[in-house]
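**Q** fold the following and give me the result.
(2 chains)
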Amino acid sequence: MSKIEDIQHGDHVKVVKDGEEFFGVLMPNATTDVIIKLKSGYNVGFAPEGLHVTLVKKRGPVTAVRPSRSIRPELPRLSIISTGGTIASKIDYRTGAVTSQFDAEDIIDAIPSLAEIANIEGVMLYNILSENMQPKLWSELALCVYNQVRAGAYGVLVTHGTDTLGYSAAALSFMLQVPVPVMLVGSQRSADRPSSDNVVNATCAAVAATSDLAGVFTVMHEDASDDTCLVHLGTRTKKLHTSRRDAFRSVNADPVARVKFQERSLQFLSDQIGRGGCELSVHPKIEPKCALIKFFPGANHDIMNFYLTQGYKGLVIEGTGLGHVMSEWVPHVKEITEVIPVVMTSQCVYGAVCDRVYDTGRDLLKAGIIEGGDMLSETALVKLMWVLGQTSDREEIRKLMRTNIAGEITVDESRTWETFEELP
Amino acid sequence: MKDLDYVKIGLKAGLEIHQQLNTTSKLFCSSPTELKDTKDATYEFYRYLRPSKSELGEIDRAAMEEGIGTRRFTYKAYASTGLVENDDEPPMEINLEALKIALQIALLLQMQPFEQIHTMRKLVIDGSNTSGFQRTALLAVDGQVSLRGGSVRIDTLSVEEEAAQIVDKDVYSLDRLGIPLVEIGSAPDLKTPKMVKELALTIGTILRACRVKRGLGTIRQDINISIVGGARVEIKGVQALDLIEDIVRFEVSRQLNLLKIRDELRSRGAHVEGPIEVTSIFTRTESKILKKKRVWGVLLLGFADLVGKEIQPGRRLGSEFADRAKKRGVAGIFHTDELPRYGISNKEKEALLQLLEAKKGDAAVIIADESAEMSVEAISAVIERANKAIDGVPEETRRALDDGCSEYLRPLPGAARMYPETDVTPIALPIEIIERVKRHLPEKLEDKTQRYKLDFLLNDELAHQIARSENNQLFEEVMNLWCEKDSGITKDEKKDAATLVVRTLEGVIAELKREDVPVDRLKREHILGVFRLVRDKTISKEGVPKVLRLLAEYDTKTADEAAIELGFIMLSESELNTIVEEIVQSQLDLIKAKGVGAIGPLMGVVMKQVRGKADGKLVNEVLRAKVLSVL
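**A** All right, here's what the predicted structure looks like:
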């Protein structure tokens, strides 16, 4: 290969291999192969052996023109906080795969219909895929939302990768008390394709973010069609399919609302707190040293000890059925609960934990576990982190874990002394 | 039409052939490649598409035009439809069976394969792809094909996904989406309409030697045409080979006529004005189309008599204007060259021209629609096209019509519609694989035809027919029945057998189908079974259609069972002798009167009784002997 170092991506080059000549634009890629874009638009690749690349013409300057947007005074003000994810992704020449490279302005450019619904202000907070989200970023995100609302945002849109969208939605639900709607939205098909669900999801999210709801929610496709999206409670949202547009479901709760894309209309499906129904406040402190353990037949209880010796402050066990682990674990669970809180959820996904039905369950209750009720395991983990960020009092932790803070758990208050009030 | 001097005109044509490959599963998913009846759709869903940018940040002009307006597409899906077709799951790796077939075709076209296969997304947002793009990979370049008129370069061969089948306006069926196809593109080396057709025939023959799909819609041609002073025009979707020459001829005459119109417009100093609302003229119109609608007009200075000038059989410059307007959603246009007509009076025409301040030699176009916005968009499209008429021939993509003409489809797409398919990793095409495919290239059709003539003594016509037929493989399997039992079989018997097999596979079965016999139910085993009976002389060749009919109607039976049920077990020679003897004895008077001439009529009498149970030839011999013996 001749002096490929002098040639930049975007330059016009001639490639000679086995006596055949090809002309095209040199494309970036992560391997030692040479990839050029032919005049027809096709990319072709060559292994470096016996390859000769020569410069034909340097690339021209790159100029990007952004259309200017005007403020429409009759429309509400909506903040879009961009964190990355498929909703804002295009090709990354480092790996050749899709990655997040858009900022908030790009999202507005890509989804012009947003400008018909509200005056948009973009904040680019992160540019990461959601698997790279971390508890401390949830806290920053919560503060960012808080600041936007305090500065007068009528609603907030958070664009987020779908993989851990449910975790972030739960975290914001606990950290924030908001009198306006905060909508987390993502897309399952990358923004660089004509069929991306980003336009429908973001448009519906903007409709929901300018509605009379208050709180933290997620907005994604209802089914395979582009006609409607569902609004889910942030603490009840779970991704239940790897790839489908309608991967997100409300678990153990009804969806909050349905948004019709073409009509830009919202219809309530369950009772919710309305706009302005609470004071704005933020409680972003969190204890990230918590873990979620999945029990499986024959699983070794040493895993709990490992976390304990590593200084973990709380555990969620995703047990079987109504919330069980094998009997052998019970004495060890007891040892752990004497030091840190242990919450029990179920790997069934649907339904509530009930440790009063079988012996193992009763033994686990005696061993000191906290029943997670009908909380999603992921939500229970996020809640435990947040609760541990608020208090270190053992009884207070237990009480908070059993209290409905953001719609995450179904609690019947007439069956617990914890919410005891004197009769009049 | 008398043939033009195409060399003088400077015709340059290129051919693009799309051929579906006959693979088990689709190019990027494991769904089957069989087509379904739309009535069997089990669910449907609805989507929108919008143009996205290329990796260089550009939006393709063709995609942009299709992307104007928000079209809600309906997709019909089947029990066999998967999430990849629904664009609800990433694609699988590329289908290597398809790649091998495509590689075979590339090598037969003497092309050079690339050492790496990079899958691209070709933006198509007319709804025919749920993803909004067609996955395509350039496999080979630089081939050639020799024609009588000279050698033609084959520039490119790509493996692509077939698009979904359009069922209705904005309604698509997903059974076809993703079937592998090869796109073969020639250089613009074709200089006459005849050469274009000859190349299509030649490539078609090469394709049929490989594992490709057959039948209507499995192969489509696009033709690129330009002439000196004209422009490159791509005509898409030519399905019938017989139309190819007309398509080329009519496009050449269209471009020649547009050039003449251009010259005339320029000499008249033609000019196009802006749109003006002319609703007031038509408030009391008799025209149903204009009644109660908002009407927009445009003045075309110097266009009189040219808008109505024919440029293709039955199509005028005005048709070109109408094509553009229809793309913007209106039903059509009116132009003053065709008025008064369609309920529009001469008075209204004059009033229109007066309102637009037209002078002699000017023309006007009007458009009406309930939606003022749509009318204005449509009239703008007409203005754009009228301006192009002053420039000459516009570059564009056109759709082939059934009569050999064509209509405007969209601008020519550019390189900006290509984007790397990030969900499919590029793969290496190892040289060993290429060598292996090279060693097992399918027999060329000429060679196959020749072999059939030599091995089975088929005549030229039948050898040609079966070599090109999709029943070709089955034919060879059946003929193996005669070869495996080679000992006592004479050349003539083999020839008769081969002739019978070809006529059965290519003729009889089609006839049965015409009689509504469900021949699709005939399996390979059925056919082999029937011919095994023929070989063993258990049934005669006259019995074949009846056995096949029974087998098709009751597809659970074997050929043996069917033959027994029909009573088609062959008569032994002595049984035949007895029957013939009886008939001869009862017809002695006739024989006496006619002599040997009685054999003809008697043959009919005997055959009536033994048809299907005795070979006609043998019957004739026995009958002749008996008749001679009583004379």
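
**Q** distance of the closest residue to B:Ile206 other than its chain neighbours relative to chain A?
**A** The shortest distance from B:Ile206 to any residue that is not its chain neighbour, by CB to CB, 6 or more residues apart in numbering or on different chains, is 5.0 Å, and that residue is B:Leu108. In this view, the C-beta of every residue, glycine as well, is placed from N, C-alpha and C. As defined by CB to the nearest CB, to the nearest Å, B:Leu108 lies at a distance of 19 Å from chain A.

**Q** following the longest helix along chain B, which helix or strand shows up next?
**A** Secondary structure of chain B read by DSSP state H shows that its longest helix is helix B:244-267. Beyond helix B:244-267 in the direction of the C-terminus, DSSP states H and E gives the next helix or strand as strand B:271-277.

**Q** pLDDT score for whichever residue of the stretch 51-200 of chain A sits closest to chain B?
**A** The shortest separation between the stretch 51-200 of chain A and chain B is 2.5 Å, found at A:Pro194 (distances taken as CB to the nearest CB). A:Pro194 is assigned 90 on the pLDDT scale.

**Q** that one and B:Ser128 touch, don't they?
**A** No. Using CB atoms under 8 Å, A:Pro194 and B:Ser128 do not qualify as a contacting pair, with a distance of 11.6 Å.

**Q** the two - which one has more neighbours?
**A** Remark: of A:Pro194 and B:Ser128, A:Pro194 carries more neighbours, 26 against 18, as counted by other CB atoms under 10 Å in any protein chain shown.

**Q** follow-up on the earlier one: which strands and helices sit next to the longest helix of chain B?
**A** helix B:6-9, helix B:193-208, strand B:219-226, strand B:233-238, strand B:310-312, helix B:372-391, strand B:406-410 (3 or more CB pairs under 8 Å, 6 or more residues apart in numbering or on different chains; DSSP states H and E).

**Q** and the contacts of the longest one?
**A** Okay, so that is helix B:372-391. Counting contacts by CB atoms under 8 Å, 6 or more residues apart in numbering or on different chains, the residues outside helix B:372-391 that touch it are B:258, B:261-262, B:265-266, B:270-272, B:274-275, B:294-298, B:300, B:303, B:306, B:317, B:320-321, B:324-330, B:333, B:365, B:367-369, B:394.

**Q** pull out the buried members of those residues.
**A** Those of the contacts of helix B:372-391 that meet the buried threshold are B:258, B:261-262, B:265, B:270, B:272, B:275, B:294-298, B:300, B:303, B:306, B:317, B:320-321, B:324-328, B:330, B:333, B:365, B:367-369, B:394, by 16 or more other CB atoms under 10 Å in any protein chain shown.

**Q** which helix or strand in chain A has the lowest average pLDDT?
**A** Here the helix or strand of chain A ranked lowest by mean pLDDT, DSSP states H and E is strand A:98-100, holding a mean of 51.

**Q** which other helices and strands contact the helix or strand where B:Leu500 lies?
**A** Counting by DSSP H and E, the secondary-structure element that holds B:Leu500 is helix B:491-503. Under the contact criterion of 3+ CB pairs under 8 Å, 6+ apart, helix B:491-503 touches helix B:445-456, helix B:460-467, helix B:472-484, helix B:524-535.

**Q** how about it: buried residues?
**A** Along helix B:491-503, the positions that meet the burial threshold by neighbour count (16+ other CB under 10 Å) are B:494, B:496-503.

**Q** now the residues you listed as a markdown table including pLDDT?
**A** Formatted as a markdown table, these follow (pLDDT from 0 to 100):
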| residue | pLDDT |
| --- | --- |
| B:Lys494 | 87 |
| B:Asp496 | 91 |
| B:Ala497 | 92 |
| B:Ala498 | 94 |
| B:Thr499 | 94 |
| B:Leu500 | 94 |
| B:Val501 | 95 |
| B:Val502 | 95 |
| B:Arg503 | 94 |
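
**Q** just those residues now: which is nearest chain A?
**A** B:Val502 (43.2 Å).

**Q** surely the closest one and B:Arg468 touch.
**A** No. Counting by CB under 8 Å, B:Val502 sits too far from B:Arg468 to count as a contact (11.5 Å).

**Q** just the helices in the stretch 51-200 of chain A please.
**A** A:104-110, A:114-117, A:135-150, A:165-175, A:198-209 (DSSP state H, counting those that start in this stretch).
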